[in-house]
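Participant: here is the input, now give the coordinates:
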Amino acid sequence: MKWLNEEEEQLADKNLPEIKHLIIDMSSVADIDTSGTHALEKLYKTLEKKNVKLVIGSPVQFVVDKLHSSGLIKLIGEENIFISVADAVLTCSSAIQEP
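Facilitator: Residues are numbered from 1 along each chain as shown. Below you'll find the predicted structure:
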């Protein structure tokens, strides 16, 4: 997760808030196999250690079904799966602004 560490360092250098959410736009993902679900699980666990929530936006129904069957939906949380990226951004932005 070199890129995440670099982003966090840049934010800290500029006294900006730390990263709280990583939103993945899944709109162009038509299918996901076991290697894809394993990669998402690994990403989730890495982000969790850094207190960053993994959020998925715009997944097609077939991908959602695969995430359910793999158990990833339970891990990520249904509340972190959004019908659109815009909804994900709005919800995550609101969560950051709340005290």
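Participant: contacts, neighbours, all on C-alpha from now
Facilitator: OK.
Participant: residues contacting whichever strand or helix holds C92, please?
Facilitator: Element membership of C92 [criterion: DSSP states H and E] is helix 85-97. Applying Cα atoms under 8 Å, 6 or more residues apart in numbering, the contact partners of helix 85-97 are 20-21, 23-25, 55-58, 80-82.
Participant: are any of the residues you listed buried, and if so which?
Facilitator: 20-21, 23, 25, 55-58, 80-82 (16 or more other Cα atoms under 10 Å).
Participant: mean confidence (pLDDT) on the helix holding C92, please.
Facilitator: Per-residue pLDDT values over helix 85-97 give a mean of 89.
Participant: grab the longest helix from the chain for me.
Facilitator: helix 34-49 (DSSP state H).
Participant: what about that one, average pLDDT?
Facilitator: On average, helix 34-49 scores 95.
Participant: could you identify the helix or strand that succeeds that helix?
Facilitator: Downstream of helix 34-49 (by DSSP H and E), the next one is strand 53-57.
Participant: need the next SSE after that next one, C-terminal direction.
Facilitator: helix 61-70.
Participant: next, the angle from that following helix to helix 34-49.
Facilitator: 70 degrees (axes from the mean of the first three to the mean of the last three Cα atoms, to 10 degrees).
Participant: show me what helix 61-70 is packed against.
Facilitator: helix 72-76 (3 or more Cα pairs under 8 Å, 6 or more residues apart in numbering; DSSP states H and E).
Participant: packing partners of the helix it packs on?
Facilitator: By 3+ Cα pairs under 8 Å, 6+ apart, helix 72-76 packs against helix 34-49, helix 61-70.
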